[in-house]
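Peer 1: build me a structure from this.
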Amino acid sequence: MPSSSSSSVTLVSKSIIKPDQSSTIPKLKLSVSDLPMLSCHYIQKGVLLTYPPYSFHDLIVFLKQSLSATLSHFPPLAGRLNTDPDGHVHILCNDAGIDFLQVKALHLSINDIVSPQDVPDCFKEFFTLDRTLSYSGHSKPLAAVQVTELNDGVFIGCTVNHAVTDGTSFWHFFNTFAEICKGVQKISKSPDFCRNTVFNSNAVLRFPPGGPKVTFASDEPLRERIFHFSRESILKLKYKANCGGLMGKQSNSEVLGKLSNDGWKTLGGEANGLSNGKIKNDTNRTAEISSFQSLCAQLWRSVTRARKLDASKTTTFRMAVNCRPRLEPRLDAFYFGNAIQSIPTVAAAGELLSTDLSWGADLLHKNVIAHGDATVRKGIADWERDPRLFPLGNFDGASITMGSSPRFPMYDNDFGWGRPLAIRSGRANKFDGKISAFPGREGNGSVDLEVVLAPATMTGLANDAEFMQYVSAIV
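Peer 2: Numbering: from 1, shown residues only. Predicted coordinates for the structure are as follows:
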């Protein structure tokens, strides 16, 4: 958090919250999916809420008690990282605790921070452990919660070590925290700490003295905006991406009716080429291009056009995928840790822009469909032969990295007085071309894209008629 001289928030108190029960897990070994994230910043995500119906003092006391109880269900988050003499990194579940900060920003109102076109910088101050690399978990807490009091609302910002959790585990922890705050006696979904998985490995990742460095420039000028896409807009995109294979005797209304059954299915359902957790057979492309792939393809086209790249320049759209349902046998849906891999899709800028939306969407679709059990295992074997950190960033000025997911249950938390008004993130892991996908607050298949771009590229994107025709006001 910035110093008080430059900060627009005031620190009221800081404390350590420990689990209310001792951990029964001694330690957890970091996996092939965890280790590459040690050079990434901690994850920073949080929720904006209306002002609670009781005093802020009572809220803080209640949140601390609930957080302590939640950590008993997630003991690794209250621990620290440790590297053994053989070079293997473990989470010591030693109940050391996490940071809890109470902060005031009474000069800010809900409207002040959600109405501007660009995301205000104040959100960066709503999270602690700013610019902290996950490797620092050897000496720093693996998680932290900051509660910021606004004039008419509250922001609960959660920061978690990215080598300890991916987005699935992050929101599992956060929503369990809210569930306990609301008074449940038994949590609905218990985390699975099993480490007897394909991701467990004896491979050792070596680090330079002092640990790894961040792999992207964290001080470059950037703009950040939230673009909202209604269900109707996304169905139009999906129709446009699929129309080549669906046109014929079907009318537009028949096709849209068929596509509208897509929605955003959650774990265990069907989405992005998954059926009951299995990868669909892509013979004759029986699987449709999904809503999300259609949206990603449009973003890829429009950002590439805004960057004014040479036609021969190779562009990359990198998408993170959850491997839990892709493995055979499947990992538990609530496996705790990282279980993600990155799927890069490449195309020449000229070819991407000279063809229609379906061309780029089909490239993304085929890569996602192909990423089944065999591909996941091949990626693990490749990493074991050459252990390396994840190269987060836009090294050639022509890349897009899509993180998070509209299927994460970001609005499925209620701390006791209503659902969040908005989801926002901090400064962590942001660079030109970093995109995060959130579900829209109204649900029903709507999506918010948190888009981070170089200033000139953002201006170009906002003036791209093909892109902006699908953007609507946030509900």
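Peer 1: sketch out the low-pLDDT regions of this structure for me.
Peer 2: 1-7, 244-286, 475 (pLDDT under 70).
Peer 1: helices of that one, start to end?
Peer 2: Applying DSSP state H to the chain gives helices spanning 56-73, 110-114, 167-181, 231-246, 252-259, 291-307, 349-354, 357-370, 373-385, 455-462, 465-468.
Peer 1: in TSV, list those along with mean neighbour count and distance to Glu125.
Peer 2: Yep, even glycine has a C-beta here, placed from its N, CA and C like the rest. Putting those into TSV (neighbours: other C-beta atoms under 10 Å; distance: least, C-beta to C-beta, whole Å) gives the following:
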stretch	mean neighbour count	distance to Glu125
helix 56-73	18	18
helix 110-114	16	11
helix 167-181	22	19
helix 231-246	20	33
helix 252-259	14	42
helix 291-307	24	28
helix 349-354	17	37
helix 357-370	21	35
helix 373-385	15	36
helix 455-462	18	21
helix 465-468	12	30
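Peer 1: relative to Ile25, which of those is closest?
Peer 2: helix 56-73 (11.1 Å; C-beta to C-beta).
Peer 1: next, the contact list for the closest residue to Lys124 other than its chain neighbours, please.
Peer 2: In space, and not counting its chain neighbours, Lys124 is closest to Arg427: 4.5 Å by C-beta to C-beta, 6 or more residues apart in numbering. Arg427 sits next to 41, 44, 124, 127, 130-131, 218 when contact means C-beta atoms under 8 Å, 6 or more residues apart in numbering.
Peer 1: quick one on the thing from earlier: reformat the helices of the chain as CSV; add distance to Arg223.
Peer 2: Shown next, in CSV, are those (distance: least, C-beta to C-beta, whole Å):
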stretch, distance to Arg223
helix 56-73, 33
helix 110-114, 16
helix 167-181, 23
helix 231-246, 22
helix 252-259, 32
helix 291-307, 12
helix 349-354, 21
helix 357-370, 24
helix 373-385, 33
helix 455-462, 4
helix 465-468, 15
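Peer 1: which one of those lies nearest to Val147?
Peer 2: helix 56-73 (6.2 Å).
Peer 1: so what does that closest one touch, helix or strand wise?
Peer 2: For helix 56-73, the contact count by 3 or more C-beta pairs under 8 Å, 6 or more residues apart in numbering; DSSP states H and E identifies strand 10-17, strand 98-105, strand 143-150, strand 153-160, helix 167-181 as packing neighbours.
Peer 1: take these and lay them out in CSV including distance to Gly460.
Peer 2: Converted to CSV, the helices and strands packed on helix 56-73 look like this (distance: least, C-beta to C-beta, whole Å):
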stretch, distance to Gly460
strand 10-17, 38
strand 98-105, 33
strand 143-150, 33
strand 153-160, 31
helix 167-181, 29
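Peer 1: what's the closest of these to Glu232?
Peer 2: When the helices and strands packed on helix 56-73 are compared by C-beta to C-beta, helix 167-181 sits nearest Glu232, at 26.3 Å.
Peer 1: and the closest one, what does it pack onto?
Peer 2: strand 43-50, helix 56-73, strand 153-160.
Peer 1: could I get the CA-only coordinates of it as CSV?
Peer 2: Coordinates of each C-alpha in helix 167-181 appear next as CSV, following Å, rounded to 0.1, in the frame of the first residue of the first chain:
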residue,chain,number,x,y,z
GLY,A,167,-8.8,-18.5,-9.7
THR,A,168,-10.9,-21.6,-8.9
SER,A,169,-9.4,-22.0,-5.5
PHE,A,170,-9.3,-18.2,-4.9
TRP,A,171,-13.0,-17.8,-5.3
HIS,A,172,-13.7,-21.0,-3.3
PHE,A,173,-11.9,-19.5,-0.4
PHE,A,174,-13.4,-16.1,-0.8
ASN,A,175,-17.0,-17.4,-1.1
THR,A,176,-16.5,-19.7,1.9
PHE,A,177,-15.4,-16.6,3.9
ALA,A,178,-18.7,-14.9,2.9
GLU,A,179,-20.7,-18.1,3.6
ILE,A,180,-19.3,-18.2,7.2
CYS,A,181,-19.9,-14.5,7.6
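Peer 1: that one vs helix 56-73, what angle?
Peer 2: 130 degrees (axes from the mean of the first three to the mean of the last three C-alpha atoms, to 10 degrees).
Peer 1: any idea how far helix 167-181 is from the middle of the chain?
Peer 2: Distance of helix 167-181 from its chain centroid, counting by C-alpha atoms, centre = their mean, to the nearest Å, is 14 Å.
Peer 1: centroid-nearest residue for the protein?
Peer 2: Central residue of the chain (C-alpha atoms, centre = their mean): Ser404, 2.5 Å from the mean position.
Peer 1: I'd say that one and Asn429 touch.
Peer 2: No - under the criterion of C-beta atoms under 8 Å, Ser404 is not in contact with Asn429, lying 10.6 Å apart.
Peer 1: overlap of the contact sets of these two?
Peer 2: Shared contacts of Ser404 and Asn429 (C-beta under 8 Å, 6+ apart): none.
Peer 1: now do the contacts for Met468.
Peer 2: By C-beta under 8 Å, 6+ apart, the contact list for Met468 reads Ala462.
Peer 1: go on, the one 4 residues further on?
Peer 2: Listed by C-beta under 8 Å, 6+ apart, the contact partners of Ser472 are 228-230, 233.
Peer 1: quick one on the thing from earlier: out of the helices of the chain, which gets nearest to Leu101?
Peer 2: helix 56-73 (10.2 Å).
Peer 1: quick check: which of the helices of the chain is nearest to Gly337?
Peer 2: Distance to Gly337, taken as C-beta to C-beta, is lowest for helix 167-181 among these, at 6.2 Å.
Peer 1: circling back to that earlier point, looking at the helices of the chain, which is closest to Leu421?
Peer 2: Across the helices of the chain, closest to Leu421 is helix 110-114 (C-beta to C-beta), at 6.5 Å.
Peer 1: what helices or strands is that closest one leaning on?
Peer 2: strand 43-50.
Peer 1: before we move on, the earlier item: turn the contacts of Ser472 into JSON lines, including distance to Val376.
Peer 2: JSON lines is the format used below for those (distance: C-beta to C-beta, whole Å):
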{"residue": "His228", "distance to Val376": "33"}
{"residue": "Phe229", "distance to Val376": "29"}
{"residue": "Ser230", "distance to Val376": "33"}
{"residue": "Ser233", "distance to Val376": "32"}
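Peer 1: by neighbours, which of those residues wins?
Peer 2: Neighbour tally across the contacts of Ser472 (other C-beta atoms under 10 Å): the maximum, 24 neighbours, falls on Phe229.
Peer 1: kindly state the beta-bridge partners for that one.
Peer 2: Beta-bridge pairing for Phe229 (DSSP bridges): Val447.
Peer 1: please apply the same query to Leu133.
Peer 2: Taking DSSP bridges as the rule, Leu133 bridges to His41.
Peer 1: returning to what we had before: can you list the helices and strands packed on helix 167-181 in CSV and add distance to Ile98?
Peer 2: Formatted as CSV, the helices and strands packed on helix 167-181 follow (distance: least, C-beta to C-beta, whole Å):
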stretch, distance to Ile98
strand 43-50, 14
helix 56-73, 7
strand 153-160, 9
